[in-house]
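**Student:** Build me a model from this:
(chains A and B)
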Amino acid sequence: MSRASRRIEPYLSRLYGYALSLTENPQDAMDLVQECAARAIAAGRVPDDESAYRAWLFRILRNRFIDDCRRSRHAPEALDDPEADDGAATWQETWHGESALISSITVKMGLKRLPQIQRDIIALVDIAGLSYAEAAALLKIPEGTVMSRLSRARRILLGYIATDNVHPFPMTKKQKSP
Amino acid sequence: MSASRTPIPGDDELSAYVDGELAPDDRAQVAHAVAADTVLAARVAALSKLKAAVAGLADERPLTLGDLDLPPPSVRLQRRAIAASVLALLLVAAAGGGYWLWRESAEDAWIAQVKLRHLSWISAAETPAAGDLLPVALRTALDGFPGAAHIPDMSGAKLTLTDVAVFRKSASRAAEGVQLRYTGLRGCRVSLWLSRGKPFPDESLAENDDGAARGFTWRVGAVSYALFATGMDHARLTLLARTVYESTRTNHAPPEPRQHALRVASDAATPCRA
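**Tutor:** Numbers count the residues shown, from 1 in each chain, chains lettered A, B, ... in the order given. Alright, predicted model coming up:
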């Protein structure tokens, strides 16, 4: 296995997770990861620093997604809409639920309902593992905007989880009726 | 410290606190506030659980390079290469050398694609073998390569044809490339790639080495060939490439003296380094 292949392998699962958040389709996500991996492996110049390398990988994937959307003339949902950072609801308005409602199923359902710009910031920080500074550099926005956009996205996501009809099954056994 | 003396952090600060993105002083202040307020503590708990649940989504589909069918250089790259080539063609055409520049660029893209396929194959944890289906797979794969009826025998170099892979731009199109996969007893893997309808490489045998994979390219009529290996002794690979090159040009198996030379070279070579 070449050095370039060995280096990218630990990031493949996270790249796929991020790709899935962008495309919402497993096959498209896999195609995106494949193209990203092929490009990264074949690249001539690669960042030496590991965190810079990680940010570089996710930038490749994200730019590729945007290019694909443009090429297919299927405009992506806005990924850089400043309006999305305005008018944040308060915590009290969105979160009435309990932490027990937060599970992989409810989170996936909630993420699907989020506007792409908010899903994107959550995925970049929590799935890709980028710092605020790295996310800000990738999105070309100030770090403060990353912080507020992420906070708002999480509040809305929690709101969806609290009000969604999908809830995890209770873990207790059913009691037989007398 | 009482809650009344500690500023109540806002949602942005709590979110950044969970991410470990606050400066030390701010972090300490938020920690004090959270410790003194059960409502804030519940928010932090919910945010932490949410962050962990989102991060966990990436673990639901663990991926390795073996799961990927690495594609040829992206369409975008190809377009760039073509655009660069077209531009170069226009600029240099007046000087009479445009065609050759385009050809060089397209050939580089083709070689990069072949190398990627080879590296993708050798990076797979296990090498699937076509087994009894190999003859059928070969017939199907080489259908459309009428000029390549002869399948090179590398047994002299102690390499066995174990699998064949066909690559298409889409399911409905004919094969654009066929990769014959040869496997040795000491970890060697050799890819022989066939493409058709390309004006490159030259008909003569040419070496290509970028450190990751070493190989040779040549063309016989409309069929372009590339033979790549990783970590193989240079003398052995060179002899093998020359043998396969001659074999594809003559459509005959290599003569016995050459087979013997290959055996000697294989015995003398160090095991391949994957």
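
**Student:** domain ranges for chain A?
**Tutor:** A:3-71, A:82-163 (automatic domain parsing).

**Student:** Would you tell me which of those gets closest to B:Trp110?
**Tutor:** domain A:3-71 (12.6 Å; C-beta to C-beta). C-betas here are computed from N, CA, C, even on glycine.

**Student:** got any ranges where the stretch 151-274 of chain B has weak pLDDT?
**Tutor:** Across the stretch 151-274 of chain B, the ranges flagged by pLDDT under 70 are B:169-175, B:273-274.

**Student:** which stretches of it form strands?
**Tutor:** B:159-167, B:177-184, B:189-196, B:206-209, B:214-220, B:223-229 (DSSP state E, counting those that start in this stretch).

**Student:** Now for the residue positioned nearest the centre of chain A: which residues touch it?
**Tutor:** With distances taken as C-alpha atoms, centre = their mean, the residue of chain A nearest its centroid is A:Ala123 (1.9 Å). Going by C-beta atoms under 8 Å, 6 or more residues apart in numbering or on different chains, A:Ala123 touches A:Gly17, A:Tyr18, A:Ser21, A:Leu22, B:Val54.

**Student:** most surrounded residue in the residues you listed?
**Tutor:** A:Tyr18 (30 neighbours; other C-beta atoms under 10 Å in any protein chain shown).

**Student:** quick one: low-confidence parts of chain A?
**Tutor:** A:1, A:73-98, A:164-178.

**Student:** Closest residue of it to chain B?
**Tutor:** A:Gly17 (3.3 Å; C-beta to the nearest C-beta).

**Student:** doesn't that residue fall inside a strand?
**Tutor:** No. Looking at A:Gly17 with DSSP: H, G, I helix; E, B strand; the rest coil, it is helix, so not inside a strand.

**Student:** So it is in contact with A:Gly129, correct?
**Tutor:** No. Taking C-beta atoms under 8 Å as the definition, A:Gly17 is not a contact partner of A:Gly129, at 10.1 Å.

**Student:** Quick one: residues contacting the closest residue to B:His234 other than its chain neighbours.
**Tutor:** What sits nearest to B:His234 in space, not counting adjacent residues and going by C-beta to C-beta, 6 or more residues apart in numbering or on different chains, is B:Arg214, at 7.2 Å. Counting by C-beta under 8 Å, 6+ apart, B:Arg214 touches B:Glu207, B:Asn208, B:Phe228, B:Ala229, B:Thr230, B:Met232, B:His234, B:Leu237.

**Student:** Highest neighbour count among those residues?
**Tutor:** Result: B:Phe228 is most packed of the contacts of B:Arg214 (other C-beta under 10 Å), 29 neighbours.

**Student:** JSON lines for the strands of the stretch 151-274 of chain B, including distance to B:Val136?
**Tutor:** Listed next are these as JSON lines, based on distance: least, C-beta to C-beta, whole Å:
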{"stretch": "strand B:159-167", "distance to B:Val136": "10"}
{"stretch": "strand B:177-184", "distance to B:Val136": "14"}
{"stretch": "strand B:189-196", "distance to B:Val136": "18"}
{"stretch": "strand B:206-209", "distance to B:Val136": "32"}
{"stretch": "strand B:214-220", "distance to B:Val136": "25"}
{"stretch": "strand B:223-229", "distance to B:Val136": "21"}
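
**Student:** Just say which of those is most tucked in.
**Tutor:** Stretch with highest mean neighbour count among the strands of the stretch 151-274 of chain B: strand B:223-229 (a mean of 25; mean count of other C-beta atoms under 10 Å in any protein chain shown).

**Student:** partners of that one in the sheet?
**Tutor:** Strand pairing for strand B:223-229, using DSSP bridges, gives strand B:189-196 (antiparallel), strand B:214-220 (antiparallel).

**Student:** How far off centre is that strand?
**Tutor:** Remark: strand B:223-229 is offset 15 Å from the chain centroid, using C-alpha atoms, centre = their mean, to the nearest Å.

**Student:** CA atoms only: put it into PDB for me.
**Tutor:** Extracted in PDB, the C-alpha atoms of strand B:223-229 (Å, rounded to 0.1, in the frame of the first residue of the first chain):
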ATOM      1  CA  VAL B 223      -4.700  -1.500 -28.000                       C
ATOM      2  CA  SER B 224      -2.700   0.300 -25.400                       C
ATOM      3  CA  TYR B 225      -0.900  -1.700 -22.700                       C
ATOM      4  CA  ALA B 226       0.500  -0.900 -19.300                       C
ATOM      5  CA  LEU B 227       2.200  -3.300 -17.000                       C
ATOM      6  CA  PHE B 228       2.700  -2.200 -13.400                       C
ATOM      7  CA  ALA B 229       4.100  -3.800 -10.300                       C
END
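
**Student:** Name the residue of chain B that lies nearest to chain A.
**Tutor:** For chain B, C-beta to the nearest C-beta, closest residue to chain A: B:Ala58, 3.3 Å.

**Student:** check contacts around that residue.
**Tutor:** For B:Ala58, counting by C-beta under 8 Å, 6+ apart, the contacting residues are A:Ser13, A:Arg14, A:Tyr16, A:Gly17, A:Tyr18, A:Ile127.

**Student:** okay if I get the residues you listed as CSV plus distance to B:Ala137?
**Tutor:** Shown next, in CSV, are the contacts of B:Ala58 (distance: C-beta to C-beta, whole Å):
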residue, distance to B:Ala137
A:Ser13, 31
A:Arg14, 35
A:Tyr16, 29
A:Gly17, 35
A:Tyr18, 36
A:Ile127, 39
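
**Student:** ok, so of those, who is nearest B:Gly197?
**Tutor:** Distances from B:Gly197 to the contacts of B:Ala58, taken by C-beta to C-beta, are shortest for A:Tyr16, at 34.4 Å.

**Student:** Can you report how many residues lie near that closest one?
**Tutor:** A:Tyr16: 27 neighbours (other C-beta under 10 Å).

**Student:** Report the contact partners of it.
**Tutor:** A:Ala29, A:Met30, A:Val33, B:Ala58, B:Arg61, B:Leu63.

**Student:** So which of those are in helices?
**Tutor:** Counting by DSSP state H, the part of these found in helices is A:Ala29, A:Met30, A:Val33.

**Student:** ranking these by neighbours, who comes first?
**Tutor:** A:Val33 (28 neighbours).

**Student:** from what I can see it touches B:Leu68, true?
**Tutor:** Yes. If you go by C-beta under 8 Å, A:Val33 and B:Leu68 touch, sitting 6.9 Å apart.

**Student:** Mind listing the shared neighbours of the two?
**Tutor:** A:Leu12.

**Student:** picking up where we left off before, tell me which two of the contacts of A:Ala123 sit farthest apart.
**Tutor:** A:Leu22 and B:Val54 (14.2 Å).

**Student:** so what's the residue of chain B closest to chain A closest to, chain neighbours aside?
**Tutor:** Going by C-beta to C-beta, 6+ apart, B:Ala58 has A:Gly17 as its nearest residue, at 3.3 Å.

**Student:** Quick one: residues contacting A:Trp47.
**Tutor:** Quick fix: residue A:47 reads Pro, not Trp. Contacts of A:Pro47 by C-beta under 8 Å, 6+ apart are A:Tyr53, A:Ala55, A:Trp56.
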